[in-house]
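In: For reference, the sequence and a predicted model appear below.
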Amino acid sequence: MENEKVIVEAIINASMSKVWQYWTEPMHIEKWNNASDDWHTPHAENDLRVGGKFLSRMEAKDGSFGFDFEGVYSEVIPFNKIKYGLADGREVETIFAENGETTKVITTFDAENENPIEMQKGGWQAILNNFKKYVEK
């Protein structure tokens, strides 16, 4: 069964170079990569090249739950597109489009089959919104 594609997007009030840097550097990923304030990313690794791997350790701040979000890059076009496969076979693609003083970030991902689509979209959108807030501050 083909997984449904889900799209989340945000317009970031920042240059493409800043958006790209904050999206791809582990020291920044650790600051924005969570859907709510009771979660955090204590550790991130990113080998940004085709065949390179990334890993973000996501944990509840109270220590009750955590997981590794990880995958392998299948396409990397600097300042334009990042595509990767997750460990469960799902694919994710993020496009970066500069428009004057803003940069639009659009992520399309294959939905998983355990949680409702709306919940998945909400979680990914919350992370993207957190990224926007972090970049713009």
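Out: Received it, and whenever you're ready, just let me know what you need. Residues are numbered from 1 along each chain as shown.
In: Strands of this structure, start to end?
Out: In chain order, the chain shows strands spanning 5-12, 39-46, 53-60, 66-77, 81-86, 91-99, 102-110, with DSSP state E as the criterion.
In: could I get these as CSV with mean neighbour count and mean pLDDT?
Out: Yep, even glycine has a C-beta here, placed from its N, CA and C like the rest. Formatted as CSV, the strands of the chain follow (neighbours: other C-beta atoms under 10 Å; pLDDT from 0 to 100):
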stretch, mean neighbour count, mean pLDDT
strand 5-12, 16, 98
strand 39-46, 16, 97
strand 53-60, 17, 97
strand 66-77, 14, 97
strand 81-86, 17, 98
strand 91-99, 16, 97
strand 102-110, 18, 98
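In: what's the closest of those to residue 118?
Out: strand 5-12 (9.4 Å; C-beta to C-beta).
In: now that closest one against strand 102-110, angle please.
Out: An angle of 160 degrees separates the directions of strand 5-12 and strand 102-110 when computed by axes from the mean of the first three to the mean of the last three C-alpha atoms, to 10 degrees.
In: State which helix of this protein is the longest.
Out: Of all the segments of type helix in the chain, defined by DSSP state H, the longest one is helix 117-136.
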